[in-house]
Structure formats: C-alpha cells, structure tokens
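Colleague: Have a look; sequence and predicted model below, questions after that.
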Amino acid sequence: MKKEVSSPALLTLPSLKEGTFLSRPNRFTVRALIDGNEENAHLHDPGRLTELLTEGNRLLLRAAPGEKRKTAWDVIAAFASGRWVIINSSLHRPLGENFLKGPDSPLGKILSLKPEVRISAGRLDFCAETLSGRVWIETKGCTLFEGPRALFPDAPTSRGTRHLRELISLRHRGERAALLIFIFSVSVTRFSPHRERDKDFADTFDEALEQGVEVYPLSFDFDGTQLSYHGLIPVES
C-alpha cells in the first residue's frame, strides 16, 4: 500500500514549451517539433525511454541557457497515461536536496547535506549528517512503469550496479547507506528491480537489501510546472 502525503512543490519549472517528439538521432539528442520548427534538444537521460519517446508523443522542453550550446533546448518531460514524466536527470540533485531537507525525508532530520561526495574510486550523490549520525546516499530516477509496478533500470547500468556495491561496502564498514529511487509516476503501487533488463543490477539490489542498505522508492507528481512528493511505495524484489 502506498503511503500518500500532501506536500508543497519541491521544484517549480516555469516557462516550459510543449513540443512533439520526432526522433532520437543519438543517445543524448532528440529531434522535436517546436512551434512548427524541427529543433534539436539535449536529452539528459541515458536510459532507453522507448516507452516514452514514441513518434508524435508530447514533450515539455526548456530553452537552454547560454549561446555556446549545440542544442537550444533541454528535454524536461514526456507525456504518458495522462501525466507528465520527468526524463531529465539533471533535476535529480536539486530534487534530492529539497526533498531530504524537507519534512518527508525518510532519513530523519538532516543537519547538513553534502552533494557529490567522493567515496572509494567514485562518487555518491550525497552524504548527510542526521541526528542519528552520517548517511551515504545514492539516488536513481525511475521512468519505466508496467501496470502497477515501477521498474529500474530500463537499460543495463553498470554504473548503477557499481553504486550499489559502494553502498554495500559502506554497510560492511558499519556505515549507514541509503538508496533513494525517484519514481516519476503517481499510478504505481510497488517498485521492483528490472531483472529482465539487468540481472546483475537486480541481484546486487537483493544483496544490498540483505546487507541493510535502506531503499526508499519515492513517488512524485509533475503537473507540467510543479513537482511534488506523492508518497513512499513498497519494494517487491
């Protein structure tokens, strides 16, 4: 059962422009129809997104800052099942910061929060100081939904598996470690690792749970302008 909450907007994204998806020439570029013109837009998401990036589907885009960009637009969201789904991973950091510092954080009261912290051979998204001690945090964005289930990843992710192993290693050293999964849908009621897409990630996810890594699948709603927290959903591994 999803634990639903009512909370103010965590992010506000004004002045977005609606466009139509035409094609995806490469991993990080989308061809879109905007105000009757075909434009290139940057896609800040390495996933497949095949369920969202379908010809003729609606997109929300933001004009890119600066004059040195090769693309004049950034893709923010795609339309699915009557709602907007965030597909821009550059928003994960500000979303994480605002959520963790707010009243709905599952980690307890945050005293301080450091982003992009180096650990071992890589980085994790955050390190938080709480009333009960330090917590190492990694975040992932989930945009794949099948019926009532949210699934991650939608493509093989060696990087995601490496992050899980980092969290497990921290647990072995007696540290507190957490994985926050940002689920950009309010219609799903449970989360599962996507074994058919990445068995290694799913097996490592199971190990992380066994080793005491805290996993929080968090549902968010985006109305086209404001992104708000909707609730915590259970894990079904």
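Modeller: Alright, I've got the coordinates.
Colleague: So what does the nearest residue to Asp223 once chain neighbours are set aside look like in phi/psi?
Modeller: Distances taken as C-beta to C-beta, 6 or more residues apart in numbering place Trp84 nearest to Asp223, at 7.0 Å, with adjacent residues excluded. Any C-beta I mention is one placed from the backbone N, CA and C, and that applies to glycine too. Note on Trp84: backbone dihedrals following degrees, to the nearest 10 are phi -90, psi 140.
Colleague: OK, contacts around Trp84?
Modeller: By C-beta atoms under 8 Å, 6 or more residues apart in numbering, Trp84 lies in contact with Leu60, Ala77, Ala78, Phe222, Asp223, Gly224.
Colleague: Next one: the most centrally placed residue in the chain relative to Lys109, how far apart?
Modeller: Taking C-alpha atoms, centre = their mean, the centroid of the chain lies closest to Gly141, which sits 1.7 Å from it. As for Gly141, its distance to Lys109 is 25 Å (criterion: C-beta to C-beta, to the nearest Å).
Colleague: now Val213
Modeller: Taken as C-beta to C-beta, the span from Val213 to Lys109 is 21 Å.
Colleague: got it, and Phe28?
Modeller: Distance from Phe28 to Lys109, counting by C-beta to C-beta: 38 Å.
Colleague: Assign Arg159 to helix, strand or coil.
Modeller: Assigned with DSSP: H, G, I helix; E, B strand; the rest coil, Arg159 falls in the helix class.
Colleague: An error on my part: the question was meant for Phe205.
Modeller: helix.
Colleague: show me where pLDDT drops low in this structure?
Modeller: 1-7, 67 (pLDDT under 70).
Colleague: Helices along that one, start to end?
Modeller: 92-100, 158-172, 199-210 (DSSP state H).
Colleague: got the angle between the longest one and helix 199-210?
Modeller: Spelled out, that is helix 158-172. Interaxial angle of helix 158-172 relative to helix 199-210 (axes from the mean of the first three to the mean of the last three C-alpha atoms, to 10 degrees): 20 degrees.
Colleague: in helix 158-172, what counts as buried?
Modeller: Gly160, Thr161, His163, Leu164, Glu166, Leu167, Ile168, Leu170, Arg171 (16 or more other C-beta atoms under 10 Å).
Colleague: quick check: domain ranges of this structure?
Modeller: Domain ranges of the chain: 15-86, 89-232, per automatic domain parsing.
Colleague: Any chance of those domains in JSON lines with distance to Pro8 as columns?
Modeller: Below are the domains of the chain laid out as JSON lines (distance: least, C-beta to C-beta, whole Å):
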{"stretch": "domain 15-86", "distance to Pro8": "17"}
{"stretch": "domain 89-232", "distance to Pro8": "7"}
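Colleague: Please identify the most buried of these.
Modeller: Ranked by mean neighbour count, the domains of the chain are led by domain 89-232 with a mean of 18 (mean count of other C-beta atoms under 10 Å).
Colleague: how far is it from where the chain is centred?
Modeller: Here domain 89-232 shows a centroid-to-chain-centroid distance of 8 Å under the convention C-alpha atoms, centre = their mean, to the nearest Å.
Colleague: quick one on the thing from earlier: greatest separation within the contacts of Trp84: which pair is it?
Modeller: Greatest spatial distance among the contacts of Trp84 (C-beta to C-beta): Ala78 and Asp223, at 14.4 Å.
Colleague: these two touch, right, His194 and Phe152?
Modeller: Yes. In this structure, His194 is within contact of Phe152 by C-beta atoms under 8 Å, at 6.0 Å.
Colleague: quick one: common contacting residues for the two?
Modeller: Joint contacts of His194 and Phe152 (C-beta under 8 Å, 6+ apart) are Leu144.
Colleague: quick revisit: okay if I get the helices of the chain as TSV plus distance to Ala72?
Modeller: Shown next, in TSV, are the helices of the chain (distance: least, C-beta to C-beta, whole Å):
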stretch	distance to Ala72
helix 92-100	22
helix 158-172	28
helix 199-210	35
